[in-house]
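**Q** structure, please.
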Amino acid sequence: MTGAKALLEALREQGVELCFANPGTTELDLVRALEEVPGMRCVIGLQENVCTGAADGYGRLAGKPAATLLHLGPGFANGIANLHNARRARTPIVNVIGDHASWHLDCDAPLTSDIESLARPVSGWVRRIASAQDAARDAGEAVAASLARGGQGATLIFPADFQAENLDGQAAPAPAAAVADRADDDFDAAAVWRRLSAARRPLFLLGGGGPDSGLGRRAQIAAARLCAALGGSAYAETFPARSERGRGLPDFDRLPYFPEPARAALDAADLVVLAGALPPVTYFGYPGHPSRLVPPERLLTLAAPGGDAASRLEALAELAGAPAFEPADALLPQPAAGALTPQSIAAVVARALPEQAIVSVEGGTCGYPLYAASAGAAPHTVLTNTGGAIGQGLPVAMGAAIACPDRRVVALLSDGSTQYTIQALWSLARENLPVTVLIAANHQYAILRNELRRGGAALGERAAAMTALDAPRIDWVGLAASYGVPASRAATSEALAEQLEQALRRPGPALIEMAL
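**A** Predicted coordinates for the structure are as follows:
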């Protein structure tokens with residue numbers, strides 16, 4: 001048995017069933033070993049940031065890690081942006097990076113780099129495999145590390161000679177099956193309740209993640225009960241890793257992106273309760289606005305990100321004697337006829353979402369309008385861009401579709417950010433994944449223009465040119481077809497509704513360019 005096969009078998013024994021791969025010469029023994037390890041599915045990505053983003057989407061829904069297989073430091077560097085997002089989402093991922101043969105490293109060949117330095121900022125755990133005998137043990141420890149601290153990246157660097165080497169005697173055993181740890185310490189419900197009950201205007205900030213997070217069904221219902229009992233309010237964090245939305249749930253708003261409306265919401269509260277969310281800060285440093293939106297003395301941490309916010313909110317609701325939750329009737333908006341707007345797109349999509357759909361959202365054009373329109377939609381799960389590195393939405397949709405093959409995935413994306421990982425379309429077609437891709441094509445970086453216009457400033461000629469994507473305009477229908485994805489273009493609400501209905505019935509992927 002080679003070191004490569006020992007590593008893959010150990011990953012498989014620890015529950016890793018999927019590898020998103022973009023291998024090169026230094027990973028060929030791992031490619032060969034995949035032939036001999038049944039139960040390990042391999043999905044090819046044409047760019048490493050597709051692989052890492054897909055592993056993020058898979059881990060958010062599956063609650064366990066996928067592996068990535070990447071080529072040396074430069075290949076890993078191509079995937080760092082979506083590993084940054086995955087770190088913010090607390091997604092378990094095991095990265096396997098092939099390196100030069102150990103005896104070749106001191107030659108400083110063209111692809112040699114300091115992989116450890118690249119890996120540490122986006123990994124909670126990094127190890128270089130020192131021999132073929134260590135491969136199985138290190139793989140098992142990587143899986144355990146990926147599930148620690150509420151979920152994180154674990155990175156293994158595997159020199160090519162140790163991949164190819166045959167084991168001499170018994171390999172170091174893989175550890176016992178990993179069990180995810182909780183991110184929280186002990187919880188004193190009575191002490192928390194004393195402080196909470198003394199507040200006059202409490203606000204609950206709900207963080208997203210797994211089923212027990214602040215934006216799972218149980219936690220949202222418990223938060224609504226507490227708001228009713230205490231006269232409080234609740235907000236979802238601005239960009240949650242995963243949240244439940246739709247009929248039967250409270251219609252909590254998301255904390256606004258810009259500092260002025262965020263401060264207006266938070267300043268009204270004398271106590272901000274963090275239920276799986278971090279203390280809120282401004283997305284960027286804005287002159288005249290404090291970076292920390294709430295001072296420490298007005299914060300109460302109920303559950304850390306990755307912790308069991310649901311059980312704690314439920315315990316407090318019982319202490320409060322809170323009434324049972326009665327869901328309000330949330331009406332779906334009627335899309336305005338004629339030319340598409342972000343609001344009409346949101347109304348069409350909200351009305352069309354199938355039961356238990358997964359919605360991957362990236363881009364400011366339609367993301368918040370859909371959130372506002374979707375309270376009365378069929379129950380669905382929303383995934384957002386947690387770390388702000390664009391190019392996440394399409395790969396995350398791909399990984400989510402593999403994690404949940406019986407659920408329809410809708411990727412609601414903007415045209416500029418989707419170009420960063422457009423190669424994911426090829427993987428969607430190759431795997432025939434049920435992903436409906438909706439591109440808001442306004443042919444500009446709208447978020448940058450909004451930032452440039454803050455405070456009433458005019459958009460200069462050069463700034464307009466630098467944020468324009470219309471010379472030449474991207475032909476999304478032709479581009480999708482070249483990757484093997486059927487596509488169409490809609491310019492009106494009526495056309496979008498018809499095309500979306502057809503796309504959602506397709507067994508595989510489809511793309512609709514929404515002309516704005």
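
**Q** what kind of secondary structure is the residue nearest the centre of the chain in?
**A** Most central in the chain under CA atoms, centre = their mean is residue 241, positioned 5.0 Å from the mean C-alpha point. For residue 241, the assignment made with DSSP: H, G, I helix; E, B strand; the rest coil gives coil.

**Q** ok, residue 146 - contacts?
**A** 65, 92, 93, 94, 124, 125, 152, 153, 154, 178 (CB atoms under 8 Å, 6 or more residues apart in numbering). Yep, even glycine has a C-beta here, placed from its N, CA and C like the rest.

**Q** just to revisit the earlier point, hmm, the residue nearest to the centre of the chain is touching residue 216, no?
**A** No - look at residue 241 against residue 216 with CB atoms under 8 Å: they stay out of range, at 11.4 Å.

**Q** anything in contact with each of those two?
**A** Residues touching both residue 241 and residue 216 by CB under 8 Å, 6+ apart: residue 209.

**Q** one step back: would you list the contacts of residue 146 in TSV and tack on secondary structure?
**A** Conversion of these to TSV gives the following (three-state DSSP):
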residue	secondary structure
65	coil
92	coil
93	strand
94	strand
124	coil
125	strand
152	coil
153	strand
154	strand
178	coil
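
**Q** so where do the helices sit in the stretch 201-350 of the chain?
**A** All helices of the stretch 201-350 of the chain, identified by DSSP state H, counting those that start in this stretch, fall at 217-230, 259-267, 309-319, 342-352.

**Q** nearest residue to residue 9 in space, please, no chain neighbours.
**A** Among residues not flanking residue 9 along the chain, residue 37 sits closest, at 5.7 Å (CB to CB, 6 or more residues apart in numbering).

**Q** in a strand, that neighbour, correct?
**A** No - assessed with three-state DSSP, residue 37 is coil; it does not lie in a strand.

**Q** any low-confidence regions in the protein?
**A** In the predicted model of the chain, residues 169-185 satisfy pLDDT under 70.

**Q** okay if I get the helices of the stretch 201-350 of the chain as a markdown table plus distance to residue 298 and mean neighbour count?
**A** Compiled in a markdown table, the helices of the stretch 201-350 of the chain are given as follows (distance: least, CB to CB, whole Å; neighbours: other CB atoms under 10 Å):
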| stretch | distance to residue 298 | mean neighbour count |
| --- | --- | --- |
| helix 217-230 | 16 | 23 |
| helix 259-267 | 9 | 16 |
| helix 309-319 | 18 | 22 |
| helix 342-352 | 33 | 23 |
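
**Q** dump those helices into CSV; add distance to residue 32 as well.
**A** Below are the helices of the stretch 201-350 of the chain laid out as CSV (distance: least, CB to CB, whole Å):
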stretch, distance to residue 32
helix 217-230, 45
helix 259-267, 53
helix 309-319, 45
helix 342-352, 45
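
**Q** between the ones you listed, which one is nearest to residue 2?
**A** helix 309-319 (44.4 Å; CB to CB).

**Q** C-alpha coordinates for the closest one, CSV please?
**A** What follows is helix 309-319, C-alpha atoms only, in CSV (Å, rounded to 0.1, in the frame of the first residue of the first chain):
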residue,chain,number,x,y,z
ALA,A,309,-27.9,28.8,20.3
ALA,A,310,-31.2,27.0,19.9
SER,A,311,-31.2,25.2,23.2
ARG,A,312,-30.2,28.3,25.1
LEU,A,313,-32.8,30.5,23.5
GLU,A,314,-35.4,27.8,24.3
ALA,A,315,-34.3,27.6,27.9
LEU,A,316,-34.6,31.4,28.3
ALA,A,317,-38.1,31.4,26.6
GLU,A,318,-39.2,28.9,29.2
LEU,A,319,-37.8,31.0,32.1
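
**Q** just checking, what packs against it?
**A** When contacts are defined as 3 or more CB pairs under 8 Å, 6 or more residues apart in numbering; DSSP states H and E, helix 309-319 sits against helix 189-198, helix 217-230, strand 271-275, strand 299-303.

**Q** and the second one with helix 309-319, angle?
**A** By that I understand helix 217-230. 30 degrees (axes from the mean of the first three to the mean of the last three CA atoms, to 10 degrees).

**Q** please save the CA atoms from helix 217-230 in PDB.
**A** What follows is helix 217-230, C-alpha atoms only, in PDB (Å, rounded to 0.1, in the frame of the first residue of the first chain):
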ATOM      1  CA  ARG A 217     -35.800  26.900  12.900                       C
ATOM      2  CA  ARG A 218     -35.800  26.200  16.600                       C
ATOM      3  CA  ALA A 219     -33.700  29.300  17.500                       C
ATOM      4  CA  GLN A 220     -35.700  31.700  15.400                       C
ATOM      5  CA  ILE A 221     -39.000  30.500  17.000                       C
ATOM      6  CA  ALA A 222     -37.500  30.700  20.500                       C
ATOM      7  CA  ALA A 223     -36.200  34.200  19.800                       C
ATOM      8  CA  ALA A 224     -39.700  35.300  18.500                       C
ATOM      9  CA  ARG A 225     -41.200  34.000  21.800                       C
ATOM     10  CA  LEU A 226     -38.700  36.000  23.800                       C
ATOM     11  CA  CYS A 227     -39.300  39.100  21.800                       C
ATOM     12  CA  ALA A 228     -43.000  38.800  22.500                       C
ATOM     13  CA  ALA A 229     -42.400  38.300  26.200                       C
ATOM     14  CA  LEU A 230     -39.800  41.000  26.700                       C
END
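
**Q** contacts made by it with the rest, please.
**A** Here helix 217-230 makes contact (CB under 8 Å, 6+ apart) with 196-197, 199, 202, 204, 206, 211-214, 232-234, 244, 249-250, 252, 275-276, 309-311, 313-314, 316-317, 320-325.
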